[in-house]
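Visitor: With the input below, show me the fold.
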Amino acid sequence: MMIQTAQPQAPSSQLQSEIAAAEAAHTSGVYSKRPLTIVRGQGARLWDDEGREYIDCVGGQGAANLGHAHPAIVAALSEQAGRLISCPEIFYNDRRAELLTRLAEVAPAGLDRAFLCNSGAEAIEAALKFARLATGRTGVVAAMRGFHGRTLGALSATWNRDYRTPFEPLIPGFAHVPYNDLAALEQAVTDETAALLLEPIQGEGGVHPAAAGYLAAAADLCRSRGALLILDEVQTGFGRTGRLFACEHDGVIPDLLAIAKSMAGGMPMGACLIGPRVGRLAPLSHGSTFGGNPLACAAGVAALDALTRVDPLTGESLPQRAARLGAWLMAEIRGLNAASVREVRGRGLLVGVELRGKVTPVLQQLQARGVLALPAGMTVLRLLPPLVITEDELARVVDALREVL
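Guide: Numbers count the residues shown, from 1 in each chain. You can find the predicted model right below:
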C-alpha cells in the first residue's frame, strides 16, 4: 500500500480547522502541537482526518510498543469495561491480582512487589519516596541529560534547565553527574545518598546507552554505600530495546524499577517495582485513586501476554523481533549520507540519529513523506516505531530518511 504524501502545513480542511480551533481555544497551552490531526491508527500506521496515511515512529512517545488498536488490548478493554472499571486498592480485585502476579513473573528477580499508578512521573515519585523511607536519607544523585518527568520530585531529578528553571527552587538534596562517568559516581554517592537514579538508555537526552559495565558498577557502588539504585525504564521497558527490560542486557537488578508507557498497551498505567532492600512499606505512606484500576490491569495483562508470546511462524517474541529489526535499522541508517549523519545510537527499536544540523527540518520533511518521528534535543532524530512494525514499513522509513538526508 502506497503512503500518501502529507504536507506539514497549517490545517487546510474545514474539519481540521475546527478541530485545531477547538483545541487552541480550550487546551492548557503547555503543548507545542504539530499541524496534524490524527484520528485513527492500526498497527504501525496512523491516519489523519483527511485520510492521509503515516508510518508511526513517534510510537506514542514510547507508549505504543504494541502499535495501535492491537486486537488483544481492544478485546481486554471491551470485556473488562462491561464488568468493572474502577476499584481502589482499599479492596482486592481479580484483575489487579492477575497483573501483579504476571509482573512478578517477568520482572528481574526479586522485584516481586509493585506500587501501581498511572504514569511514568508517578512511578518516579513513588520510587523517590520509597528510597527515602527505606534508607532514612534524603540525597538523590541523577545524571546530566537525564529525563524523569515534570512533577516536582521527578523534575528535581531531570537535568534540562528549560524544564527546571521556571519552577525553582525545587526539592533540595538532588545532585547531577555526567552519565557513564564512574569516577563522578564515586564522588557523588555518599552516606547521605538515599538513591541513585539512572536510565539504562537516556531517551530524551539524546539516546545515549549506558556503557558496558556502567550499570553493574553503579549497582555495586550503591550496595557498598547503603544507597538504593533506581532504574527509570519508563521508555526502555516492555521490549523496546530487545529485552523485556533494558537492565537485563547488563544483568543488573535495581532496588526500584520505574515502568509505564507501554505497560498497558497504550492505556495510562505505571508502576514502581520494589526489591527486597526496600523492605515493607507502611500503610498510607503513598497512594493513588486510579492506580491499579481493573480496566488498566486487564490491558496490562493482555499487553504482557502479547509481548511474551512467541510467534509460531518466526520463533520470535516481540522483544526478540525488536532486537533484530533495530540492528538492521541502525545499520541501514549508518549507510546513509555521512555529510548529514554524525552518529547512530540506540538499542533495539529505540534509535537516535545524531545529525550534523538541526532536527526540526528533517522532522518536517519526513512528515511530508508520510513518516512521523521525534526529536531528542536540537540535533538528534529519535525513532520509536511500534514493535509490530513490518519489515516493509521499516524499509519505507529508511527510504524516506535516504531522500531527506
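Visitor: can you map out the helices along the stretch 251-400 of the chain?
Guide: Taking DSSP state H, counting those that start in this stretch as the criterion, the stretch 251-400 of the chain carries its helices at 294-308, 318-334, 360-368, 391-404.
Visitor: L228 is nearest to which of the ones you listed?
Guide: For L228, the closest of those is helix 294-308, at 24.9 Å, according to C-beta to C-beta. From N, CA and C alone the C-beta is placed, and that goes for glycine too.
Visitor: and the angle from the closest one to helix 318-334?
Guide: Interaxial angle, helix 294-308 versus helix 318-334 (axes from the mean of the first three to the mean of the last three C-alpha atoms, to 10 degrees): 70 degrees.
Visitor: one step back: now the helices of the stretch 251-400 of the chain as JSON lines including mean neighbour count, mean pLDDT and distance to I124?
Guide: Putting the helices of the stretch 251-400 of the chain into JSON lines (neighbours: other C-beta atoms under 10 Å; pLDDT from 0 to 100; distance: least, C-beta to C-beta, whole Å) gives the following:
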{"stretch": "helix 294-308", "mean neighbour count": "23", "mean pLDDT": "98", "distance to I124": "18"}
{"stretch": "helix 318-334", "mean neighbour count": "19", "mean pLDDT": "98", "distance to I124": "23"}
{"stretch": "helix 360-368", "mean neighbour count": "17", "mean pLDDT": "98", "distance to I124": "27"}
{"stretch": "helix 391-404", "mean neighbour count": "17", "mean pLDDT": "97", "distance to I124": "31"}
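Visitor: closest to A75 out of those?
Guide: Comparing the helices of the stretch 251-400 of the chain against A75 with C-beta to C-beta, the closest turns out to be helix 294-308 (7.3 Å).
Visitor: Walk me through the domains of the protein.
Guide: 10-52, 71-308 (automatic domain parsing).
Visitor: okay, those domains in CSV with distance to N65 next?
Guide: Conversion of the domains of the chain to CSV gives the following (distance: least, C-beta to C-beta, whole Å):
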stretch, distance to N65
domain 10-52, 11
domain 71-308, 4
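Visitor: re earlier: tabulate the helices of the stretch 251-400 of the chain (CSV), appending distance to C87.
Guide: Listed next are the helices of the stretch 251-400 of the chain as CSV, based on distance: least, C-beta to C-beta, whole Å:
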stretch, distance to C87
helix 294-308, 5
helix 318-334, 29
helix 360-368, 41
helix 391-404, 39
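Visitor: who wins for proximity to D181 among those?
Guide: Evaluated over the helices of the stretch 251-400 of the chain, closeness to D181 peaks at helix 318-334, with 24.6 Å, by C-beta to C-beta.
Visitor: what helices or strands is that closest one leaning on?
Guide: helix 294-308, strand 341-347, strand 350-355, helix 391-404 (3 or more C-beta pairs under 8 Å, 6 or more residues apart in numbering; DSSP states H and E).
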